[in-house]
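# Below: sequence and its predicted model.
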Amino acid sequence: MHCLNLVEAHHTANLLRSAGIRAEVRNTFLAGAVGDIPFMEAGPQIWIDDRQDVELARTILAEASQVASGPDWLCEACGETIEAQFAQCWHCGAMKPFSHDA
Ligand SMILES: [Zn+2]
């Protein structure tokens with residue numbers, strides 16, 4: 001349902017699982033298709049087992065993105081911009097530094 005990087009995908013899947021939705025990350029190691037498919041579309045995706053859970057999943061993700069208020073943060077290790085709801089850099093795996101800002 002989403003094109004995500006791997007860390008985001010696992011965060012999202014865990015979030016959904018914690019709400020009782022059977023979700024899994026697929027296409028994590030998609031082989032052979034990268035040449036034909038734009039990179040983002042070859043990335044990991046969240047798959048919901050039960051169609052009936054899809055709307056609930058969307059609601060949960062929408063709420064989660066609202067809860068995660070605050071600015072995006074910059075990874076001190078690699079300089080990547082990370083969305084506020086993630087506590088770990090998707091690019092290099094560094095943990096979010098303690099907040100310097102208000
Ligand atoms: Zn980083």
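It's in.
# And the strands in this protein?
23-26, 45-48, 73-74, 81-82 (DSSP state E).
# so which of the ones you listed gets nearest residue 16?
strand 23-26 (3.9 Å; CB to CB). For every residue, glycine as well, the C-beta is placed using N, CA and C.
# ok, the closest one: who's next to it in the sheet?
Paired strands of strand 23-26, with direction, are strand 45-48 (antiparallel) (DSSP bridges).
# For the strand it pairs with, give the mean pLDDT please.
The average pLDDT for strand 45-48 rounds to 82.
# and the ion, which of the strands of the chain is closest to it?
With distances scored as CB to the ion, the stretch of the strands of the chain nearest to the ion is strand 81-82 (7.5 Å).
# Would you give the sheet partners of the closest one, along with the direction of each?
strand 73-74 (antiparallel).
# what's next to the strand it pairs with, contact-wise?
With CB atoms under 8 Å, 6 or more residues apart in numbering as the test, strand 73-74 has contacts from 80, 81, 82, 84, 96, 97, 99.
# Most neighbours among those residues, please name it.
residue 82 (20 neighbours; other CB atoms under 10 Å).
# Could I get the contacting residues of it?
Contacts of residue 82 (CB under 8 Å, 6+ apart): 72, 73, 74, 75, 88, 89, 90, 91, 96.
# Quick check: which of these are also close to the ion?
75, 89, 91 (CB under 5 Å from the ion).
# ranking those by neighbours, who comes first?
residue 89 (22 neighbours).
# Helices along the chain, start to end?
Assigned by DSSP state H, the chain shows helices spanning 6-18, 53-67.
# The ion: which of those helices is closest?
Short answer: helix 6-18, nearest of the helices of the chain by CB to the ion, at 10.3 Å.
# returning to what we had before: now the helices of the chain in CSV, with mean neighbour count and mean pLDDT?
Shown next, in CSV, are the helices of the chain (neighbours: other CB atoms under 10 Å; pLDDT from 0 to 100):
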stretch, mean neighbour count, mean pLDDT
helix 6-18, 18, 85
helix 53-67, 14, 81
